[in-house]
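[1] Quick one, fold the following:
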Amino acid sequence: MSVHGRLMQVRDAHALAGAIDALHGLGYTRIEAFSPYAVDGLVEKLGPPPKRIPLAALVGGLAGGIGMLWLQYHSAAVDYPLNVGGRPAASWPAFLPPAVEVTILLAVLAGYVVYLASSRLPKLYRPEFNVEWFEEASRDGFLLLIRADDPRWEARQVAEDVAALEPMRHAEVPA
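    Numbering: from 1, shown residues only. Predicted coordinates:
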């Protein structure tokens with residue numbers, strides 16, 4: 001039987017933060033937390049957020065802006081040049097507003113797509129849902145999951161380490 005990880009429940013947000021610190025001290029790095037409300041400092045304790053989002057927004061914005069400028073230039077000066085009152089075919093001031101709009105649009109779109117991908121969303125099913133008491137995370141439960149893809153994962157050792165933290169309960173999560 002393959003295993004997704006080990007899920008444990010603690011009393012409150014303070015115990016959740018303490019358990020994360022203890023698990024990090026033991027060398028675990030792939031930890032996920034579930035709580036009924038936002039806990040201050042929890043994101044920082046779990047690890048830094050991915051830094052790919054700003055880069056994706058920059059690349060998307062540059063591609064959108066340059067692509068829109070090229071499209072306008074090519075269509076107005078190369079494919080279909082019009083002589084309107086002696087003005088130049090490549091009128092850059094007229095090209096800027098649409099290019100700025102497309103730059104912003106593609107930067108936001110690229111950042112959002114990378115955000116969803118790095119958050120592993122949308123994900124309608126998670127193996128943790130199979131644990132009978134997992135639904136308490138939406139009411140009054142504070143849960144921690146040590147994933148089986150953690151470099152330090154060894155099922156028996158993880159069970160002992162989790163039991164040493166004295167959680168309210170813990171269980172193995174089948175994949």
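
[2] When you work out contacts or count neighbours from here on, use the C-alpha atoms and nothing else.
    Will do.

[3] Pull out the buried positions in stretch 57-68.
    Buried residues in stretch 57-68, counted by 16 or more other CA atoms under 10 Å: 57-65, 68.

[4] Name the surrounding residues that touch it.
    98-100, 102-111 (CA atoms under 8 Å, 6 or more residues apart in numbering).

[5] Are any of those buried, and if so which?
    99-100, 102-111.

[6] Backbone dihedrals for the residue nearest in space to the middle of the chain, please?
    The chain has Ser119 as the residue nearest its centroid, 2.7 Å off, counting by CA atoms, centre = their mean. Dihedral angles of Ser119 (phi, psi; degrees, to the nearest 10) stand at phi -90, psi 0.

[7] Show me how far the longest strand belonging to the chain is from its chain's centre.
    Longest strand of the chain, by residue count under DSSP state E: strand 3-10. When distances are taken as CA atoms, centre = their mean, to the nearest Å, strand 3-10 is centred 21 Å away from the chain's centroid.

[8] For that strand, name the packing helices and strands.
    Using 3 or more CA pairs under 8 Å, 6 or more residues apart in numbering; DSSP states H and E, the elements in contact with strand 3-10 are strand 142-147, helix 155-164, strand 169-174.

[9] what do you get if the cut-off is 6 Å, keeping everything else the same?
    strand 142-147, strand 169-174 (3 or more CA pairs under 6 Å, 6 or more residues apart in numbering; DSSP states H and E).

[10] pull the longest helix from the chain.
    helix 92-118 (DSSP state H).

[11] Can you mark which positions in the helix or strand of the chain with the lowest mean pLDDT are buried?
    When each helix and strand of the chain is scored by mean pLDDT, DSSP states H and E, helix 42-46 comes last, with a mean of 87. For helix 42-46, burial by neighbour count (16+ other CA under 10 Å) applies to Leu46.

[12] Check which helices and strands that helix sits against.
    Helices and strands touching helix 42-46, as assessed by 3+ CA pairs under 6 Å, 6+ apart, are absent.

[13] Next SSE downstream of that helix?
    helix 52-73 (DSSP states H and E).

[14] so how far is that next one from its chain's centroid?
    22 Å.

[15] what's the answer for stretch 166-175, then?
    25 Å.

[16] Okay, now that stretch: how far is its last residue from its first?
    Taking CA to CA, to the nearest Å as the measure, stretch 166-175 stretches 24 Å from start to finish.
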